[in-house]
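> Give me the fold of what follows.
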Amino acid sequence: MTKGPILTNFPYDLDRDEGTLGAPSRRILVVEDDESVREVAVDFLADHGYEISEAEDGEEAIGHLMKARAFDLLFTDVNLPGDMGGLKIAAEAKQLQPNIKVLLTTGYAASIVEDSGSNNPTADVILKPYRQVKLLKMVEALLGRNAPKAQSSDAPKALGPKTSQDD
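Next up, the predicted model:
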């Protein structure tokens, strides 16, 4: 039996989750002032094949948007410290990167109504606390990819106290 050549530059990562095989890496900017919530979202999305940049406030987020190559998605908390909340970041992001998709998150639904204005982009919203699988499904839908099958380790985790809003 003849053996073929050994592949040293194999172009596929065989350790990737099957839901991300063959899919191009998408870039997401995560903006969240609560470090523990940000870390969980960043790690979870990175584990599902996304290239992640993170910021804890509006100023840092705008810095990423101005100097980095284009992001596919901005995932930002609405209520952030300082003068620039998530809606202002989203509006600025759309000016800097017109093709960027926006996903907002908040624990206070009323905050979106109070802060909204005619110059703010239309965006999808995921209310806190949210399940990681719900976040992944929303991200996948916004970016036009099929969500990978949820693994048993994904289902029980939530990013905050459980409420009746959980799916």
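> same for the one helix or strand E59 maps to, what does it pack against?
Assigned by DSSP states H and E, E59 belongs to helix 58-67. On a contact count with 3 or more C-beta pairs under 8 Å, 6 or more residues apart in numbering; DSSP states H and E, helix 58-67 meets strand 27-31, strand 51-55, strand 73-77, helix 86-96. To be clear about C-beta, it is placed using only N, CA and C from the backbone, and glycine gets the same treatment.
> hmm, who's touching that helix?
29, 31, 53, 55, 71, 74, 76, 80, 82-85, 88-89, 92-93, 96-97 (C-beta atoms under 8 Å, 6 or more residues apart in numbering).
> same question for stretch 69-78, mean pLDDT?
If you average the pLDDT over stretch 69-78, you get 95.
> Now the element after the worst-scoring helix or strand of the chain on mean pLDDT, going C-ward?
When each helix and strand of the chain is scored by mean pLDDT, DSSP states H and E, helix 109-115 comes last, with a mean of 58. Heading C-terminal from helix 109-115, the first helix or strand you meet, by DSSP H and E, is strand 124-127.
> in the following helix or strand past that following strand, what's buried?
Sequence-wise, the next helix or strand downstream of strand 124-127 (DSSP H and E) is helix 132-143. For helix 132-143, the neighbour count (16 or more other C-beta atoms under 10 Å) marks 132-140, 142-143 as buried.
> Equivalent analysis for stretch 97-108, please.
Neighbour count says stretch 97-108 has 97, 100-107 buried, by 16+ other C-beta under 10 Å.
> now do stretch 28-44
When burial is assessed from 16+ other C-beta under 10 Å, stretch 28-44 yields the following buried residues: 28-32, 37-38, 40-42, 44.
> Alpha carbons of that stretch, in PDB - could you do that?
What follows is stretch 28-44 as a C-alpha-only set of coordinates in PDB (Å, rounded to 0.1, in the frame of the first residue of the first chain):
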ATOM      1  CA  ILE A  28     -16.900  41.200  17.200                       C
ATOM      2  CA  LEU A  29     -16.300  44.200  19.500                       C
ATOM      3  CA  VAL A  30     -17.700  43.500  23.000                       C
ATOM      4  CA  VAL A  31     -18.300  46.600  25.100                       C
ATOM      5  CA  GLU A  32     -19.200  45.900  28.800                       C
ATOM      6  CA  ASP A  33     -18.100  47.700  31.900                       C
ATOM      7  CA  ASP A  34     -18.700  44.700  34.200                       C
ATOM      8  CA  GLU A  35     -15.500  42.800  33.800                       C
ATOM      9  CA  SER A  36     -16.900  39.400  34.800                       C
ATOM     10  CA  VAL A  37     -19.800  39.700  32.400                       C
ATOM     11  CA  ARG A  38     -17.500  40.900  29.600                       C
ATOM     12  CA  GLU A  39     -15.100  38.000  30.300                       C
ATOM     13  CA  VAL A  40     -17.800  35.400  30.100                       C
ATOM     14  CA  ALA A  41     -19.200  36.800  26.800                       C
ATOM     15  CA  VAL A  42     -15.700  37.200  25.300                       C
ATOM     16  CA  ASP A  43     -14.600  33.700  26.200                       C
ATOM     17  CA  PHE A  44     -17.800  32.100  25.000                       C
END
